[in-house]
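>>> give me a 3D structure for the following:
(4 chains)
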Number of protein chains: 2
Amino acid sequence: MKSKKGLSMKDIAKLSGVSVATVSRVLNNNGRFSEETRKKVMEVVEKFNYQTNLVARSLRTNRSQIIGVIVPDITNEFFAAIVLAIESYCFLKGYSVFICNTNEDEEKETAYFKDLIAKGIDGLIYISGKSDKISKETLLKDIPIIFIDRRPNISSNDIVYIASDNYKGGVLATEALIKRGCRNIMILKDIRNLSTVTQRYLGYRDTLMKYNINLGEEYIVNVKKVDFEEARKAVKESIKKGLTFDSIFACTDWLALGAIAALKEEKIAIPDRVKVIGFDNISISKYSHPAISTISQNPEKLGKTAAKVLLDLIEGKTNKTTNYILPVELVLRETT
Amino acid sequence: MKSKKGLSMKDIAKLSGVSVATVSRVLNNNGRFSEETRKKVMEVVEKFNYQTNLVARSLRTNRSQIIGVIVPDITNEFFAAIVLAIESYCFLKGYSVFICNTNEDEEKETAYFKDLIAKGIDGLIYISGKSDKISKETLLKDIPIIFIDRRPNISSNDIVYIASDNYKGGVLATEALIKRGCRNIMILKDIRNLSTVTQRYLGYRDTLMKYNINLGEEYIVNVKKVDFEEARKAVKESIKKGLTFDSIFACTDWLALGAIAALKEEKIAIPDRVKVIGFDNISISKYSHPAISTISQNPEKLGKTAAKVLLDLIEGKTNKTTNYILPVELVLRETT
DNA sequence: ATTATTTATGAAAAAATTTAACAGAATTGT
DNA sequence: ACAATTCTGTTAAATTTTTTCATAAATAAT
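From the prediction side, this is the model:
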């Protein structure tokens, strides 16, 4: 490896016969300079294809034009779509993004957080994850932070939180099943108390109440992990136990896929004997057999909103710390 | 926003009663210092949770501990898995990664490339994309670059290129069909001359030759985009034209999905009348109906290898510029 | 013409760290 | 006691950019 670097402002200054300060003024269009010197400087800049050293600028201005995105799993289509939206918006505005995959590992989250701060990020987007432990230190650090998807349970009201209307999603899903004659609706959900799942559950519960449907605890089926296999096993077990149900509200499409596998194995007709509805509208849900009815979120909007709000905070265009709840949509396919 | 920054080495020096030089020596384990001073310094460092300002270090040392990853579409499961593997490995080694989504837009690639250089990345991983235009400037910049998946067609032999054995994949897929009695094998592929697809095609072509199968040009069906809809339409058209085929080798699973949709619409039984095999083993292929036989790549291995080789180059542990071709595997499911 | 004002530019400091050279002090070895 | 080794501080340079202050030059006002 040779030098890795090109010319510095000093070189440009020398080559165009002005001072470094003047070059800076011209380049940043900041302060006074004559048209003549502007031309002189720009000629040299273009001739040698000068590129600002952003590391030096960052040191001086304490602004890096970099943000961090902490995400549990970029392999998850939903998160990937959010990240893509963030990245696209940031690119337009001249920001780069660090991608930080945590796999929900708290230690990794903490380590990443420290490292990102040390590397001088201007802001952070926290997609889900644990986010309990870190957020206290986090909020002290004086860089803006946006939380997407799962709400961190910290007692501060000036956090920015962006998510889909999970509660409404729960309502829509449950109502869709009820309208098709279902009364014994199993809910299949993650056992962890994530705000997203909790909201979906509350939507389900309140809708049952609204329609005067009373179901025992056994209709709430918890799985330890959002995972095909887990769901398959859990549903099979419920069947073995003799639970009578005519439908399943799976809190994510992956759980729905597992549930469908179990039903198929038990030769239970979908949707004739049991209807299924998922959540997220991942691409598989359209191509699986039967195609899964689901609640679709808008990850692009989530990501773009987060990025926009974050950059506005960074650039001081706003200092509001409101929350954003984005609409969801019912998508009907073959499983209902 | 307040200060964003914590203590500097100067503060640590003052607080622990030593000089800045000594703090640096201790922190970097570089030069001489007594155990006693080490303790003194580290106590203060820990007490105040001092973090090295990596921007300043980067400016001075010209090393950022950052790499860039340029990828066409992070929403694509295959690329996401590669990126995840890269990120994981880099995290372990203390490197952060910029995620750059190009959507195959050449301008964006160029812009990103400049920006990454200006931000001082230590190395770059180029996943696919056009990479023709950029690579010439690129190679001059004296940071190591690794190419994954698609081979850039530049005439330089000291580039590092990592990919799956696409040729072998083409052979395996074609042989699998031939062994099941197929003789009229359609190949469904991207019209662009990407090295990956070309290799798969050559595997197909050579295998046909090996088995003395001669097929006309009409068995090569090109689509403009790797896309469900495009594939569906293309296959439908071939059917309308009266092409007799007993199998399809789709160069990606998404194309296979589209092909299957077309066959279903035309009520052609899979695999009885027509067999289908895809490429990539994306997660949908397992859950679609019928489940798709395919060639699986190992994106984790691709990513990890790329990251490892890149960091070794950056850290001067090697300067070999070899290519790596990783094995693929035949996965048989319902469509064959 | 002389002062006042504006405009353009340079010089120098500051940002946080690393590195190196040098020098003095303290410790150890002989 | 003298030499050698080890530790630490001081100082300075280097990285590049931005910013403040001061000054020189040009223009306007009286």
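>>> surely A:Leu194 and A:Ala163 touch.
No. Using C-beta atoms under 8 Å, A:Leu194 is not in contact with A:Ala163; the gap is 10.8 Å. The way it works is simple: take the backbone N, C-alpha and C, and place the C-beta from them, glycine included.
>>> now the common contact residues for the two.
Common contacts of A:Leu194 and A:Ala163, defined by C-beta atoms under 8 Å, 6 or more residues apart in numbering or on different chains, comprise A:Arg150.
>>> ok, A:Ala80 - how many residues close by?
25 (other C-beta atoms under 10 Å in any protein chain shown).
>>> show the backbone phi and psi for it.
Dihedral angles of A:Ala80 (phi, psi; degrees, to the nearest 10) stand at phi -60, psi -40.
>>> quick one, what contacts it?
So A:Ala80 contacts A:Ile74, B:Ile74, B:Thr75, B:Ala80 (C-beta under 8 Å, 6+ apart).
>>> among those, which ones are in strands?
Of the positions in the contacts of A:Ala80, not one sits in strands, assigned by DSSP state E.
>>> a markdown table for those residues, including pLDDT and distance to DNA strand C?
Compiled in a markdown table, these are given as follows (pLDDT from 0 to 100; distance: C-beta to the nearest atom of the strand, whole Å):
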| residue | pLDDT | distance to DNA strand C |
| --- | --- | --- |
| A:Ile74 | 96 | 30 |
| B:Ile74 | 96 | 33 |
| B:Thr75 | 94 | 38 |
| B:Ala80 | 97 | 34 |
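>>> cross-check these against DNA strand D and keep the overlap.
When C-beta under 7 Å from any atom of the strand is applied, no member of the contacts of A:Ala80 is adjacent to DNA strand D.
>>> turn these into JSON lines, including distance to B:Ser58.
Formatted as JSON lines, these follow (distance: C-beta to C-beta, whole Å):
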{"residue": "A:Ile74", "distance to B:Ser58": "25"}
{"residue": "B:Ile74", "distance to B:Ser58": "26"}
{"residue": "B:Thr75", "distance to B:Ser58": "31"}
{"residue": "B:Ala80", "distance to B:Ser58": "28"}
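>>> can you tell me which of those is nearest DNA strand D?
Of all the contacts of A:Ala80, B:Ile74 has the smallest distance to DNA strand D: 30.2 Å, by C-beta to the nearest atom of the strand.
>>> for burial, what's the neighbour tally of that closest one?
The burial count for B:Ile74: 27, using other C-beta under 10 Å.
>>> that one reaches A:Leu84, doesn't it?
Yes. Using C-beta under 8 Å, B:Ile74 is in contact with A:Leu84, at 5.5 Å.
>>> dihedrals phi and psi, the closest residue to DNA strand D within the stretch 101-250 of chain A?
Nearest residue of the stretch 101-250 of chain A to DNA strand D (C-beta to the nearest atom of the strand) works out as A:Gly120 at 13.6 Å. Backbone torsions for A:Gly120, taken as degrees, to the nearest 10, come to phi 80, psi 30.
>>> quick one, what contacts whichever residue of the stretch 151-300 of chain A sits closest to DNA strand C?
Sorted by distance to DNA strand C under C-beta to the nearest atom of the strand, the residues of the stretch 151-300 of chain A start with A:Asp158, at 25.7 Å. A:Asp158 makes contacts with A:Thr321, as judged by C-beta under 8 Å, 6+ apart.
>>> all the strands of the stretch 151-300 of chain A, in order from the start?
Per DSSP state E, counting those that start in this stretch, the stretch 151-300 of chain A carries strands over the ranges A:160-164, A:185-190, A:220-223, A:247-250, A:275-277, A:294-296.
>>> output the contacting helices and strands for the longest one.
Same thing as strand A:185-190. Counting by 3 or more C-beta pairs under 8 Å, 6 or more residues apart in numbering or on different chains; DSSP states H and E, the packing neighbours recorded for strand A:185-190 are helix A:166-179, helix A:195-210, strand A:220-223, helix A:228-240, strand A:247-250, helix A:253-265.
>>> let's go with 6 Å and repeat that
Strand A:185-190 sits against helix A:195-210, strand A:220-223, strand A:247-250, with contacts defined as 3 or more C-beta pairs under 6 Å, 6 or more residues apart in numbering or on different chains; DSSP states H and E.
>>> quick one: the first one to helix A:166-179, angle?
Between the axes of helix A:195-210 and helix A:166-179, defined by axes from the mean of the first three to the mean of the last three C-alpha atoms, to 10 degrees, the angle is 40 degrees.
>>> wait, is A:Phe147 part of a strand?
Yes. A:Phe147: assigned to a strand according to DSSP: H, G, I helix; E, B strand; the rest coil.
>>> name the helix or strand for A:Ile125, please.
Using DSSP states H and E, A:Ile125 sits within strand A:123-127.
>>> ok, and what's touching that strand?
Strand A:123-127 has contacts (C-beta atoms under 6 Å, 6 or more residues apart in numbering or on different chains) with A:67-71, A:143-149, A:306, A:310, A:314.
>>> adjacent strands (with direction) for it?
In the sheet, strand A:123-127 lines up against strand A:66-71 (parallel), strand A:145-148 (parallel) (DSSP bridges).
>>> what angle separates it from strand A:160-164?
Angle, strand A:123-127 to strand A:160-164, by the same axes, to 10 degrees: 40 degrees.
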